[in-house]
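Asks: Show me the folded form of this:
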Amino acid sequence: MKEKICDVVGCDKESFQTVEADLASKVFELKEKKTKVHLCKEHYKEYKRNTKKEREIKRMDWV
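Replies: As a prediction, this is how the structure comes out:
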């Protein structure tokens, strides 16, 4: 089976986590336009730091 690669432009590392593309596109320049994107471990940590507020607001809507 083919390994998933990080979808951030210029990164060729193995995928660690899959996240929503709309939030990830606010932080990174992505290779393709998709609904979900794969991020390596380093980009995933950066994604979590930079989208913390947006993710908290999104979770508030669930209640």
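Asks: Spell out, range by range, the helices that occur in the chain.
Replies: Under the criterion DSSP state H, the chain carries helices at the ranges 21-27, 41-50, 52-60.
Asks: so what does the shortest one touch, helix or strand wise?
Replies: It stands for helix 21-27. strand 36-39, helix 41-50, helix 52-60 (3 or more CB pairs under 8 Å, 6 or more residues apart in numbering; DSSP states H and E). Where you see a C-beta, it was placed from the backbone N, CA and C, and this is true even at glycine.
Asks: mind redoing it with 6 Å?
Replies: helix 41-50 (3 or more CB pairs under 6 Å, 6 or more residues apart in numbering; DSSP states H and E).
Asks: Now do the buried residues in the helix it packs on.
Replies: By neighbour count with 16 or more other CB atoms under 10 Å, helix 41-50 contains the buried residues 43-44, 47.
Asks: cool, and stretch 49-63?
Replies: Buried residues in stretch 49-63, defined by neighbour count with 16+ other CB under 10 Å: residue 51.
Asks: Report the mean confidence score over that stretch.
Replies: Averaged across stretch 49-63, pLDDT comes to 85.
Asks: which residues make contact with it from outside it?
Replies: Contact partners of stretch 49-63, identified using CB atoms under 6 Å, 6 or more residues apart in numbering, comprise 23, 27.
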